[in-house]
Each structure stands twice: as structure tokens, then as C-alpha cells.
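*Asks:* Need a 3D model of the following:
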Amino acid sequence: MRARPVRLLRRAESHVTKAFDWYESKRPGLGADFLAAFERFLRRIAGNPGVCPVYRDNVRRLFMKSFSYLIFYKVTDAESIVVLVIHANRDPRYWP
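*Replies:* Residues are numbered from 1 along each chain as shown. Predicted coordinates:
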């Protein structure tokens, strides 16, 4: 697959913001570390959208091991769309 831009849905952006706030409340700077790791994973998705196999219904799942977060995204002809960003310990019924 060729590289393409990555767009986050509002719901995904909201979860990233909440994760940042939570990590930052635990230790100043940890939220910034989370965002830096998240940005690295977004660049990975942008550079190689097919890096992860399809999880379900054309949604792919990438695991951010360092923070135990899952990034769920769809790949279209024009872009990759991040639909959800959640902690891996979240109830799987919440996943797409």
C-alpha cells in the first residue's frame, strides 16, 4: 500500500486528549511521552497503512505496547482514518 495522510475522528481525538491528561496527572511529562509515541505510530500508519492486518469489518488494529493503547483505523483510497484510541484493558465490547 502507498503512503497516505492520517485523519482522526473526533471521538479518537477526545480519547487521545483524555489519555494525555491522565498520564500528565500521574507524572509531568508523561503525557508528552504518550503523545510522542502516538505520533510515531501515526507516522507508521501513514507510511505503511497495511502494516496491521484487518481486525474486523475493514478496521485495522495497532498496539502501542509502551502505553498499552490500541489504535483502530480504516484505510481508504485517499487516507487512513483513526476511528478509536483506547486502553488495551478496556472492555472489548467497547471496541469497533
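
*Asks:* tell me which element F67 falls in.
*Replies:* Using DSSP states H and E, F67 falls within no helix or strand.

*Asks:* Moving C-terminal from the helix or strand bottoming out on mean pLDDT in the chain, which element do we reach first?
*Replies:* Counting by mean pLDDT, DSSP states H and E, the weakest-scoring helix or strand in the chain turns out to be strand 54-56, with a mean of 90. The helix or strand immediately downstream of strand 54-56 is strand 59-64, counting by DSSP H and E.

*Asks:* Summarise which helices and strands that following strand is packed against.
*Replies:* Counting contacts by 3 or more CB pairs under 8 Å, 6 or more residues apart in numbering; DSSP states H and E, strand 59-64 is packed against helix 30-47, strand 69-75. For glycine as for every other residue, the C-beta is placed from the backbone atoms N, C-alpha and C.

*Asks:* Give me the sheet partners of the least confident helix or strand of the chain and which way each runs.
*Replies:* Each strand paired with strand 54-56, and its direction, by DSSP bridges: strand 59-64 (antiparallel).

*Asks:* can I get the helices and strands packed on strand 59-64 in TSV with distance to I81?
*Replies:* Formatted as TSV, the helices and strands packed on strand 59-64 follow (distance: least, CB to CB, whole Å):
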stretch	distance to I81
helix 30-47	10
strand 69-75	5
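
*Asks:* Alright, calling it a day.
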